[in-house]
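Trainee: Build the 3D model from these lines:
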Amino acid sequence: MSHRFRSAIRGEPVDRPPVWIMRQAGRYLPEYREIRESHSFREAISTPDIATEISLQPWERFQPDAVVMYSDILTVLEPLGFDYHVESGVGPVIENPVESPADTDRERGDVRDQLWYVGELIERLSATLGDEAAVLGFAGGPFTLAAYACEGSTSRSFMAVRRLRANDPEAFEQLLDALTEVLIEYCQYQEDAGADAIQLFDTYASLLSPADYERYIVPRHQRILDAVDIPTIVFVRNMGGNLELLADSGADVIGLDWTVDIEAARETLGDQPVQGNLDPALLYGDPETVRERTREIIAAAGDTGHILNLGHGIDRNTPVENVAAFFETVKETATETA
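Mentor: Coordinates of the predicted model:
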């Protein structure tokens, strides 16, 4: 892990914030699209040679302070017996979703055996990058995974899992517990393979009321994040009014989406390190606008305990030159403050 990334996580002063972007390895890069012309998504993430090449493409272009593994949040559903595929224009589709409370009683397969390719990918990235950049692993959070498992595909409201919570709270908790157990093993596997830090994406957990979030999500986030001895980041969308609940997860770093005022969040969270939070849509502006808004985020966040990122994943059609302007602007701040 780079010194700058480690220092930011610890809340120590840095010459500039470390920077990476969510969905860093992906469709906005022409070299990625070229690879995908010959390989399906599932093939790409489960073939270490291909996944390593894709993971390193942003490193070769931009030299971010962290390289996130090229994978998917739904891979961890496989050891619980869920089958899925990715349809163009639709997204992930669960082929055998939860259709009744009985379906929440899941047997768990061997995570390390079934997801061997994830460990091999992390090992390769760690060997390649050394101390030049942090190797980031990640996992979907228990609610978000439960939402996909119940809905069967993506959704704006994920009403199926919320109906399950209302109609059969015991089955809802049983599903969350099964996911939590497999996530603990999965995150420990990533740590053992050499990940420097792990981000937990429970993107849709804010669909629950604050009371239900505190009851069902906080203790499970705590269990997952406490199970590893490397730094952790938690990200949930639309939590601007409930930042304390995010902090209760015990994560080392709190990810902020673009709807949160980062300066106000820092006042609320105190010394808690944060990550974020440029609106991904701003990368569609001209390069000077990207530079201006990036500088504003850096200034608002302060000079300690901040990892610069977008407020969500980068959009597939984002101009590459604007991504370059984003990274360049961050790095220029180190020269300006030297």
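
Trainee: Which stretches in the stretch 51-200 of the chain count as helices?
Mentor: Under the criterion DSSP state H, counting those that start in this stretch, helices of the stretch 51-200 of the chain are mapped to 111-114, 116-129, 142-151, 159-167, 169-193.

Trainee: in the protein, what spans have low per-residue confidence?
Mentor: Low-confidence segments of the chain, defined by pLDDT under 70: 335-338.

Trainee: can we see that at 90?
Mentor: The chain contains residues with pLDDT under 90 at 1-3, 85-91, 333-338.

Trainee: Output the contacting helices and strands for the lengthiest strand in it.
Mentor: Across the chain, the longest stretch assigned as strand under DSSP state E is strand 134-140. With contacts defined as 3 or more Cβ pairs under 8 Å, 6 or more residues apart in numbering; DSSP states H and E, strand 134-140 has these neighbours: strand 66-68, helix 116-129, helix 169-193, strand 197-201. In short, each C-beta sits where N, CA and C put it, glycine included.

Trainee: Each with direction, which strands does that strand pair with?
Mentor: strand 66-68 (parallel), strand 197-201 (parallel) (DSSP bridges).

Trainee: Out of the helices of the stretch 51-200 of the chain, which gets nearest to residue 291?
Mentor: helix 116-129 (26.9 Å; Cβ to Cβ).

Trainee: what residues does that closest one touch?
Mentor: 45-48, 51-52, 55-56, 59, 67, 69-71, 75, 112, 135, 137, 186, 189-190, 192-196 (Cβ atoms under 8 Å, 6 or more residues apart in numbering).

Trainee: Taking the residues you listed, please make a PyMOL selection of just the buried ones.
Mentor: Only the buried members of the contacts of helix 116-129 enter the following PyMOL selection, criterion being 16 or more other Cβ atoms under 10 Å:
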select buried, resi 45+46+47+48+51+52+55+56+59+67+69+70+71+75+112+135+137+186+189+190+193+194+195+196
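
Trainee: what's the spacing between residue 294 and residue 123?
Mentor: 33 Å (Cβ to Cβ, to the nearest Å).

Trainee: give me the number of residues near the nearest residue to residue 301 once chain neighbours are set aside?
Mentor: Of all residues not flanking residue 301 in the chain, residue 262 sits nearest, at 5.1 Å (Cβ to Cβ, 6 or more residues apart in numbering). Applying other Cβ atoms under 10 Å, we find 23 other residues in the vicinity of residue 262.

Trainee: go on, residue 332?
Mentor: 14.

Trainee: which SSE is it in?
Mentor: Using DSSP states H and E, residue 332 sits within helix 320-337.

Trainee: Between the two ends of stretch 247-258, what distance do you get?
Mentor: End-to-end distance for stretch 247-258: 17 Å, by Cα to Cα, to the nearest Å.

Trainee: Tell me the buried residues in it?
Mentor: Going by neighbour count (16+ other Cβ under 10 Å), the buried part of stretch 247-258 is 247-249, 251-258.

Trainee: Same list (these) but as a markdown table, adding secondary structure and distance to residue 2.
Mentor: Listed next are the buried residues of stretch 247-258 as a markdown table, based on DSSP: H, G, I helix; E, B strand; the rest coil; distance: Cβ to Cβ, whole Å:
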| residue | secondary structure | distance to residue 2 |
| --- | --- | --- |
| 247 | helix | 25 |
| 248 | coil | 29 |
| 249 | coil | 24 |
| 251 | coil | 20 |
| 252 | coil | 16 |
| 253 | strand | 15 |
| 254 | strand | 20 |
| 255 | strand | 19 |
| 256 | coil | 22 |
| 257 | coil | 25 |
| 258 | coil | 25 |
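
Trainee: Could you find which two of those are furthest from each other?
Mentor: 248 and 258 (22.3 Å).

Trainee: follow-up on the earlier one: using TSV, lay out the helices and strands packed on strand 134-140 together with distance to residue 106.
Mentor: Shown next, in TSV, are the helices and strands packed on strand 134-140 (distance: least, Cβ to Cβ, whole Å):
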stretch	distance to residue 106
strand 66-68	28
helix 116-129	20
helix 169-193	4
strand 197-201	20
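
Trainee: Which of those sits closest to residue 99?
Mentor: Comparing these by Cβ to Cβ, helix 169-193 comes nearest, at 11.5 Å.

Trainee: All good on my end, thank you.
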